[in-house]
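Undergrad: what's the 3D shape of this:
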Amino acid sequence: MAFGIAGLALLFLLTATLYASVGFGGGSTYIALLALADVDYRTLPVIALLCNIIVVLGGTLRFQTRGLIDWKRIWPILLLSVPAAWAGGRLAIDRDSFLILLGLSLTVAGVLLLAEPFFRKRHVGSQSPPPRAIWFAPTAGGVIGFLSGMVGIGGGIFLAPLLFLINWADGRRIAATASVFILVNSVSGLMGQLMKSQWSEGGAAILPYWPLFIAVLIGGQIGSFLASKALPEKWIERLTALLVLYVAMRILWQQFN
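TA: Numbers count the residues shown, from 1 in each chain. From the prediction side, this is the model:
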């Protein structure tokens, strides 16, 4: 393992702290770090999704106590995303297909991270209402959920920029929506992944990585007590985007050469 389990745990703790402070789980970065550490591709999604759940659970509870979660508006997004995330996690794909899909997904995730500040500025200066079509939220949730379940990313990194782009709500409520989305789809995707690996095999495969789960638990607790403005969020996003894009390009280069 390139980093060693102790070094990887430290990086996971830092990632969880940063992401939890802004309502995200950090799945894309966990995936990137695990890929750099040459972890078995079949184990990547299980570890990342479980870490997501540990981190965003505290954030979701925090948003709920502050009254920032609008369940009436969120449930249409979750309507198809939950079964889609399970189906994506349940889908068995070969190593090459998984790595190509992962590389492309990380590329999109990195670009969205770099572009999100633009979406926020557009949101602040625009008065246009979000789409009212009844199919929009379920369709978007379903597509993101399916992709997230397959590659082990909670999906918030895809959903949040989209919500800013369509003027869904203010920044705090978008973060709350993304947190709920990540939590329920990570649980659903994890169930699909474990069913695919026959439960006991999947559970046994992640046991050597137990320090990572403790690391994100600690990091998530620290991040949950930090206000988002207490950290240079724009630099967090930029550095994370560069890491994710680097790993994506490395994976795709190896697959096509």
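
Undergrad: helices and strands of this protein: which one has the lowest mean pLDDT?
TA: Here the helix or strand of the chain ranked lowest by mean pLDDT, DSSP states H and E is helix 200-206, holding a mean of 68.

Undergrad: tell me the helix or strand right after that helix.
TA: Sequence-wise, the next helix or strand downstream of helix 200-206 (DSSP states H and E) is helix 210-224.

Undergrad: now that following helix: mean pLDDT?
TA: Mean pLDDT, helix 210-224: 89.

Undergrad: buried ones in that helix?
TA: 212-213, 215-220, 222-224 (16 or more other C-beta atoms under 10 Å). In short, each C-beta sits where N, CA and C put it, glycine included.

Undergrad: and what of stretch 162-181?
TA: In stretch 162-181, counting by 16+ other C-beta under 10 Å, buried: 162-169, 171, 173-181.

Undergrad: can you tell me the distance between the two ends of that stretch?
TA: 13 Å (C-alpha to C-alpha, to the nearest Å).

Undergrad: how far off centre is it?
TA: Remark: stretch 162-181 is offset 14 Å from the chain centroid, using C-alpha atoms, centre = their mean, to the nearest Å.

Undergrad: same check on stretch 7-14?
TA: Relative to the centre of its chain, stretch 7-14 is centred 17 Å away, using C-alpha atoms, centre = their mean.

Undergrad: buried ones in it?
TA: Using 16+ other C-beta under 10 Å as the burial criterion, the residues of stretch 7-14 that qualify are 8-9, 11-14.

Undergrad: would you turn the residues you listed into JSON lines with secondary structure, distance to residue 106 and pLDDT?
TA: Below are the buried residues of stretch 7-14 laid out as JSON lines (DSSP: H, G, I helix; E, B strand; the rest coil; distance: C-beta to C-beta, whole Å; pLDDT from 0 to 100):
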{"residue": "8", "secondary structure": "helix", "distance to residue 106": "18", "pLDDT": "91"}
{"residue": "9", "secondary structure": "helix", "distance to residue 106": "22", "pLDDT": "93"}
{"residue": "11", "secondary structure": "helix", "distance to residue 106": "16", "pLDDT": "92"}
{"residue": "12", "secondary structure": "helix", "distance to residue 106": "17", "pLDDT": "94"}
{"residue": "13", "secondary structure": "helix", "distance to residue 106": "21", "pLDDT": "94"}
{"residue": "14", "secondary structure": "helix", "distance to residue 106": "19", "pLDDT": "90"}
